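Peer 1: 3D, please:
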Amino acid sequence: MKNIIKKTCLFAVTALLLTSCSTFLGQESRRGVSSSLVDYLYPEGQVPPKHEETTPHLHLPLRVGLAFVPPKQSTSSVLPEAKKTRLLEEVKKKFVGLDYVKEIVIVPETYMRSSKGFEGVSQIARLYGLDLVALVSYDQVAVTSETKSSILYWTIVGAYFVKGNQNTASTFVDTAVFDVSSRKMLFRAPGVNEIQQSSTLVEVKRGDRETREKGFELAMVDMSNNLAAELDRFKERIKEDNSVQITHRQGYGGGGGIQWPFLLILIGLATLRFSKR
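Peer 2: Numbering: from 1, shown residues only. You can find the predicted model right below:
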């Protein structure tokens, strides 16, 4: 009788271990977040107009608005608005220092969610006095899977110290810059990243969140670098072709007028010459 009980217990323990192994090995969960530029600008199946014959008219220096395209579903757990603002602050640095850009404004997502389409964009542009808007859309797929080492999760020590989970995040971001008046896209800059990080069983949720946040950060860095290159190409293009009309606001020195640094140099030279006399 005792032998039967021992064999039964041994069978039960073995079955439990095998079940645990099959549970830990090969499990995979997949999640995704995204925002669509097309769905936002052309809601309810609207058809984008043809812009071939439209020539944007830019008044330098420009006021540029930066904003994330709102997603259909909340992404606050992965990309809260405070995090989005910090990411846009990094993008903003790519515009700072351009002689044809007067100011860069980060538009809160709350304003972007209030209305869709170019009508909504135009309302925000009037509110902030914007000439251009740079809209950032994104798509991220995150996968959490268990490796062979997750077989040790059935022990207490293994659950805390063995990194048997693999967290992967594939992230794509895209910034499209539009002229508000003509509603024509001037240029765009994409950014991509794929990141993998390991975690233990007890840290799997935190590890997944950190991997996804890091994926967004690195994708935005890649996009910002591409954006800087596109801005340089755009600056040269508007000098060489007629795809964009340019006028200068009163007081802007981009048209060849005397600029303040040059004027200060002249004053300094005149003062030095007078003192020598």
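
Peer 1: list the buried ones in stretch 67-77?
Peer 2: 67, 68, 69, 70, 71, 75 (16 or more other Cβ atoms under 10 Å). The C-beta positions use only the backbone N, C-alpha and C, and glycine is treated the same way.

Peer 1: and that stretch, what's its mean pLDDT?
Peer 2: Averaging pLDDT along stretch 67-77 yields 82.

Peer 1: and for the helix or strand harbouring residue 89, what are the contacting residues?
Peer 2: Using DSSP states H and E, residue 89 falls within helix 81-92. Helix 81-92 is contacted by residues 66-68, 104, 106, 108-110, 134, 136, 175, 213, 216-217, 220-221, 223-224, 227 when judged by Cβ atoms under 8 Å, 6 or more residues apart in numbering.

Peer 1: And the residue lying closest to residue 167 once chain neighbours are set aside, which helix or strand is it part of?
Peer 2: Closest residue in space to residue 167, ignoring its immediate chain neighbours: residue 211 at 4.1 Å, by Cβ to Cβ, 6 or more residues apart in numbering. Under the criterion of DSSP H and E, residue 211 resides in helix 204-240.

Peer 1: can you tell me which residues contact the spatially closest residue to residue 131 that is not a sequence neighbour?
Peer 2: Distances taken as Cβ to Cβ, 6+ apart place residue 62 nearest to residue 131, at 4.5 Å, with adjacent residues excluded. Going by Cβ under 8 Å, 6+ apart, residue 62 touches 100, 101, 102, 131, 132.

Peer 1: With distance to residue 171 added, can I get these in JSON lines?
Peer 2: JSON lines is the format used below for these (distance: Cβ to Cβ, whole Å):
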{"residue": "100", "distance to residue 171": "31"}
{"residue": "101", "distance to residue 171": "27"}
{"residue": "102", "distance to residue 171": "32"}
{"residue": "131", "distance to residue 171": "30"}
{"residue": "132", "distance to residue 171": "25"}
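
Peer 1: May I see the PyMOL selection of the buried members of the residues you listed?
Peer 2: To isolate the buried members of the contacts of residue 62 in PyMOL, using 16+ other Cβ under 10 Å:
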select buried, resi 100+101+131+132
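
Peer 1: which of the contacts of residue 62 lies closest to residue 115?
Peer 2: Using Cβ to Cβ, residue 132 is the member of the contacts of residue 62 that sits closest to residue 115, with 18.9 Å.

Peer 1: any idea which element the closest residue to that closest one other than its chain neighbours lies in?
Peer 2: Spatial nearest neighbour of residue 132, excluding adjacent residues (Cβ to Cβ, 6+ apart): residue 64 at 4.7 Å. Here residue 64, judged by DSSP H and E, is contained in strand 62-68.

Peer 1: And for residue 143?
Peer 2: strand 132-146.

Peer 1: What is that strand packed up against?
Peer 2: strand 28-35, helix 37-41, strand 62-68, helix 81-92, helix 117-128, strand 165-179, helix 204-240 (3 or more Cβ pairs under 8 Å, 6 or more residues apart in numbering; DSSP states H and E).

Peer 1: Quickly run through the sheet partners of that strand, with directions.
Peer 2: Note on strand 132-146: by DSSP bridges, its sheet partners are strand 28-35 (antiparallel), strand 62-68 (parallel), strand 165-179 (antiparallel).

Peer 1: Of all the ones you listed, which one comes closest to residue 246?
Peer 2: With Cβ to Cβ, the closest approach to residue 246 among the strands paired with strand 132-146 belongs to strand 62-68: 10.3 Å.

Peer 1: Using CSV, write down the CA coordinates of that closest one.
Peer 2: Below are the C-alpha coordinates for strand 62-68, written out as CSV (Å, rounded to 0.1, in the frame of the first residue of the first chain):
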residue,chain,number,x,y,z
LEU,A,62,8.3,79.9,-39.7
ARG,A,63,6.4,78.9,-36.6
VAL,A,64,6.3,75.0,-36.5
GLY,A,65,4.0,72.8,-34.4
LEU,A,66,5.1,69.4,-33.2
ALA,A,67,2.5,66.8,-32.1
PHE,A,68,1.9,63.0,-31.9
